[in-house]
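Participant: A structural model of the following input is requested.
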Amino acid sequence: KYRKPELLKHAFGPFAGEGLLVSEGAVWKRQRKLMQPAFHHRQLAAYSQVMVTQTLQLLDSFAGGQVREISGEMAELTLNIVAQCLFGEELPSELPEIRGAMVAMLAAASRRVNSILRMPRWVPNAGNIREMRALAKMDEVVRVLIESRRNSEKQREDLLSVLVAATAGENGGGMSDKQLRDEMLTLFLAGHETTANALTWTWFLLSQHPEVEAKLHEELDRELGGRAPEVADLAKLPYTEMVIRESMRLYPPAPAVAREPIEDVTIAGYLVRAGSLLSINTYALQRDTRFYADPERFDPERFSAGWEERIPRYAYLPFGGGPRVCIGSAFAMMEARLILAMVAERYKLTLEPDQRVEPMQVITVKPRGPVRMKVAQQAEVNRGRGFG
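Facilitator: Predicted coordinates:
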């Protein structure tokens, strides 16, 4: 009885096209089926190597005593990861330019969602011009990469190659280049901004709750002993996962889920007319006292073993719910846990004083302004505590 609202298609249509984010009905079902193999657990294991390698490169650039703008660092890291997972060895050389294009497209979508007036995209104002240039850049990057996969017999494990291979035999044909473009841009955009924000809030929360940080380190020291984690280690790091889940409860990367009834419906005794805009405010839902005791408190223990039975199924929606739950949820959770474990093992991040870190809702929930954090090597921190 519901569909994605016109507002969402208006906001995301220029880059999402008929991708999973906004498509409906038979188109959505076919695309979801074709894309599922790209997120099979065997593929996720291959992507984990990219996540570990890219995170190690970032950590090698850190040094004790530095102050880093952590939201930008996380955005760059997750962009590098998603770009390599999507495109593999042919990682585009112009990643900084691509990142700028991503920012421009997200800003344009946010304006369309939050603006009272719907400014036509053909109006040559500064925002529209930036978006058009960004779209042209991304369309060209993705076109070249799709063409290279179509013309290559080399077996690759990047997501684009998996999609091209998986769709080639589907009823004698697969996704068109336009469909592949829509899905790749959707994954590219959604696959780095949301995880980067989740990690930024996690570092902020840990810096404010030393008792949680200490318990996290107990687990990492016990299970990893200073080595980089592998995907098989994640099952032995339950508290690491609990920290991420609680961070996403307080600051869900996607702050709302929207739907539009296609016929008149009654919800809890209220008549809702067809075409109305229904919005589920996940930010408020996940701070509701009916479902969470002391909901403003950062308490990863909420997500200890058995949490799925304790918390109502639709009271926790960081990845949405139902048949349209985010296809990349397992990818995102693996990525966030690996990055958290690796960074926390080597460095302690302390919020610089005289900063006011506040959430801002655009398309995602992100900090309003930079988040400056001081880096200290864990070995030095442990010596200061008398452990080394």
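Participant: which intervals of the chain have sub-threshold pLDDT?
Facilitator: 89-94, 116-119, 122, 166-173, 379-388 (pLDDT under 70).
Participant: my guess is residue 95 contacts residue 82, does it?
Facilitator: No: in this structure residue 95 lies outside contact range of residue 82 using Cβ atoms under 8 Å: 10.6 Å. For glycine as for every other residue, the C-beta is placed from the backbone atoms N, C-alpha and C.
Participant: More neighbours: those two, which one.
Facilitator: Using other Cβ atoms under 10 Å as the criterion, residue 95 and residue 82 rank with residue 82 on top: 29 against 15.
Participant: Chain neighbours aside, what residue packs nearest to that one?
Facilitator: residue 191 (4.0 Å; Cβ to Cβ, 6 or more residues apart in numbering).
Participant: gap between the longest helix along the chain and the chain center?
Facilitator: Counting by DSSP state H, the longest helix found in the chain is helix 177-208. Computed by Cα atoms, centre = their mean, to the nearest Å, the chain-centroid distance of helix 177-208 equals 3 Å.
Participant: packing partners for the helix or strand following that helix?
Facilitator: Downstream of helix 177-208, the first helix or strand assigned by DSSP states H and E is helix 210-223. Packing contacts for helix 210-223, counted by 3 or more Cβ pairs under 8 Å, 6 or more residues apart in numbering; DSSP states H and E, involve helix 177-208, helix 238-250, helix 329-346.
Participant: How about helix 210-223, which residues are buried there?
Facilitator: Of the residues in helix 210-223, 212, 213, 215, 216, 217, 219, 220, 223 count as buried by neighbour count, 16 or more other Cβ atoms under 10 Å.
Participant: Just want the angle from it to helix 177-208.
Facilitator: If you take axes from the mean of the first three to the mean of the last three Cα atoms, to 10 degrees, helix 210-223 sits at 110 degrees to helix 177-208.
Participant: Taking helix 329-346 as reference, get the angle to helix 210-223.
Facilitator: 90 degrees.
Participant: Next, report how far helix 210-223 is displaced from the centre of its chain.
Facilitator: For helix 210-223, the distance to the chain centre is 24 Å (Cα atoms, centre = their mean).
Participant: Stretch 208-219 now?
Facilitator: For stretch 208-219, the distance to the chain centre is 24 Å (Cα atoms, centre = their mean).
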